[in-house]
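Trainee: have a look; sequence and predicted model below, questions after that.
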Amino acid sequence: MLLQHVILGTLYISQTGFGVLGNSILLSFFIFTRRKLRPIDQIISNLTLGNFVFLLFKGISMTIYTFGITDFMDDTGCKLNFYFQRVARGLSICSTCLLSGFQVIILTPISSQWEKIKARAHKYIIFSCVFCWLFNLFIEIGIIIGMKGLQRSNINFTIPIDLIFCAWKDPVPNFVLLTTFRDVFFVGMMICTSGYMVILLRKHSKQVQHLQETRHYARISPEFRAARTILLTVSTFLSFYLINGIFAMYQTYFLHSSTWLVNVSSFLVLSFPTICPFLLIHGDSQIGRVFCAS
């Protein structure tokens, strides 16, 4: 076993282990807490579940490969592994977008236009989370059609997209179009809602500063503290997503695949689900108090 394999394997084990630990803590909080969950907790739990599933399927398979165990998946294993990877990744995108959108609704000043939306928004959260699951389960079916294991005798097609331990033959155009539309739409929505959140936070910061200058007591509301945490979470997601997108486009459109390219891409795509739970735990005082008390 080469030294680089040991280093990569250790890196993936550490990354996956920390990510699974953080997401397990959040899921345990949402499952076993006796208090009533806030509407935003329902979205965060959906995001956490998606991150947890992604880490299990992506992180463990990459760890196994880097330690030198090759050809460990047949066609069925590759289809299921990459299908749930893609579904969980899509769920992460949808849930992060839903999280930022819901927080914008909460922060927007009450007016005749927004009053009804604010009053009804929490009623549609569960429906939105279920829709995210069903939508991603459907549009990723193309993975099941085109994915193959890397038993070399079974690969009889030309120029597959090599994913180290699996290969993707001729991605189904309609499903590729759907997944591309999903990513562009939800990432675009995240950018818009994040920009609007920045504007609202700046206005709130100026108001607080003015109150402090006039010697009035100013306390940051829980909604704006949550907005800062969500904005940081969304910014982290977008950073890793856009950087990884560059690698994915190069690999897909130039049909150039190499071990180092896939390893870098895998590390980047695993980074958000690893960091995300710790950002949310750190920014949520209620979760922190529960675990400190226990």
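Mentor: Thanks, I have it. Remember, predicted model here, so these are calculated numbers, not experimental data.

Trainee: grab the longest helix from this protein for me.
Mentor: What stands out as the longest helix in the chain, according to DSSP state H, is helix 173-213.

Trainee: buried set for the following helix or strand past it?
Mentor: Sequence-wise, the next helix or strand beyond helix 173-213 is helix 222-253, with elements assigned using DSSP states H and E. Applying a neighbour-count criterion of 16 or more other C-beta atoms under 10 Å, the buried positions in helix 222-253 are 224, 226-227, 229-231, 233-234, 236-238, 240-241, 244, 247, 251. For every residue, glycine as well, the C-beta is placed using N, CA and C.

Trainee: quick check: Ile117 vs Val104, distance?
Mentor: 11 Å (C-beta to C-beta, to the nearest Å).

Trainee: and for Asn51?
Mentor: Shown here: Asn51 relative to Val104, a distance of 22 Å by C-beta to C-beta.

Trainee: and for Thr96?
Mentor: When distances are taken as C-beta to C-beta, Thr96 and Val104 turn out to be 13 Å apart.

Trainee: neighbour-wise, which of the two wins?
Mentor: Higher neighbour count among Thr96 and Val104: Thr96, with 27 against 19, using other C-beta atoms under 10 Å.

Trainee: secondary structure element for the more buried one?
Mentor: Secondary-structure assignment from DSSP H and E places Thr96 in helix 75-107.

Trainee: report all helices and strands that the helix or strand just after that helix contacts.
Mentor: Moving toward the C-terminus from helix 75-107, the next helix or strand (DSSP H and E) is helix 115-121. Counting contacts by 3 or more C-beta pairs under 8 Å, 6 or more residues apart in numbering; DSSP states H and E, helix 115-121 packs against helix 75-107.

Trainee: now do the buried residues in the helix it packs on.
Mentor: Applying a neighbour-count criterion of 16+ other C-beta under 10 Å, one finds 78-79, 81-104, 106-107 buried in helix 75-107.

Trainee: run the chain-centre distance for it.
Mentor: Using C-alpha atoms, centre = their mean, to the nearest Å, we find the averaged C-alpha position of helix 75-107 to lie 6 Å away from the chain's own average C-alpha position.

Trainee: got the angle for it vs helix 222-253?
Mentor: When axes from the mean of the first three to the mean of the last three C-alpha atoms, to 10 degrees is applied, the directions of helix 75-107 and helix 222-253 differ by 140 degrees.
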